[in-house]
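J.: Provide a 3D model corresponding to the input given below.
(one chain, ligands or ions: 2)
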Amino acid sequence: MRFRKLRILGFKSFVEPIEFVIEPGLTGVVGPNGCGKSNLVEALRWVMGENSYKNMRASGMDDVIFSGSGHRPARNSAEVTLFLGNEDRRAPAAFNDADMLEVSRRIERAAGSVYRINGREVRARDVQLLFADASTGARSPAMVRQGQIGELIAAKPTARRMILEEAAGISGLHSRRNEAEIR
Ligand code: ATP
Ligand code: MG
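T.: Ligands and ions are numbered 1, 2, ... in the order given. A predicted model of the protein is given here:
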């Protein structure tokens, strides 16, 4: 599966709807300080199921909703949709007929998040597993945050092992096993 496009509405500084097309090859995002480069990457992590608001540099999940500026009022909801090309047919069985997967997450103030895949409401867990199986996701080593290399060097062996498991593509399996054991 390949990232094709990110649609953002009302998320952090993106008050106007934007569509960010991800072409094959290397994509660079450049711009002055505070223009929203990190917010863009956070939108990507958020739609993939990030559930720690601290990892979104926020003091509550509602903080990801556009909070208003000098001349624009705050919004009451935010929505991010990630379009994934499924030509290689690696999507979960329930959605594998489609050429394109639309994974979306929407948050309303004080009402929490709703996730959808191709319009069908799913659990946060379904979205997290989809990306874990594709060896990517909100916490995946494919996403390298500022300061993360330093953390990695100082990490305990168990934390480093998690990164290796993610790279080996088995973290989705572990996650399912833990869920099965809890039940
Ligand atoms: P740098 O080059 O310094 O890393 P950047 O391009 O990564 O900058 P971001 O950190 O993505 O910039 O964007 C910061 C901007 O986003 C700030 O102006 C901040 O006010 C704005 N912002 C963050 N959250 C919200 C929100 N909920 N509502 C409105 N604006 C927000
Ligand atoms: Mg930044």
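
J.: The nearest residue to Arg89 once chain neighbours are set aside and Arg139, how far apart?
T.: Spatial nearest neighbour of Arg89, chain neighbours left out: Asn96 (5.6 Å); criterion: CB to CB, 6 or more residues apart in numbering. In this view, the C-beta of every residue, glycine as well, is placed from N, C-alpha and C. Distance of Asn96 to Arg139, given as CB to CB, to the nearest Å: 25 Å.

J.: who's more crowded, those two?
T.: Legend: neighbour count by other CB atoms under 10 Å for Asn96 and Arg139, higher for Arg139 (21 against 11).

J.: quick one: strands adjacent to the helix or strand where Arg116 lies?
T.: Element membership for Arg116, per DSSP states H and E: strand 112-117. The pairing partners recorded for strand 112-117 under DSSP bridges are strand 100-108 (antiparallel), strand 120-122 (antiparallel).

J.: residues in contact with the first one?
T.: The list of residues contacting strand 100-108 from outside it, by CB atoms under 8 Å, 6 or more residues apart in numbering, reads 1, 4, 46-49, 61-62, 64-65, 76-86, 91, 95, 113-119, 127, 130.

J.: Close to ligand 1 as well: tell me which of those qualify.
T.: Restricting those to those near ligand 1 by CB under 6 Å from any ligand atom leaves Ile65.

J.: Quick check: ChimeraX command selecting the buried ones in the contacts of strand 100-108.
T.: To isolate the buried ones among those in ChimeraX, judged by 16 or more other CB atoms under 10 Å, type:
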select :1,4,46,47,48,49,61,62,64,65,78,79,80,81,82,83,84,85,86,91,95,113,115,116,117,118,127,130
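
J.: ok, Gly150 - contacts?
T.: Gly150 touches nothing, counting by CB under 8 Å, 6+ apart.

J.: Assign a three-state SS to it, would you?
T.: Following DSSP: H, G, I helix; E, B strand; the rest coil, Gly150 is assigned to helix.
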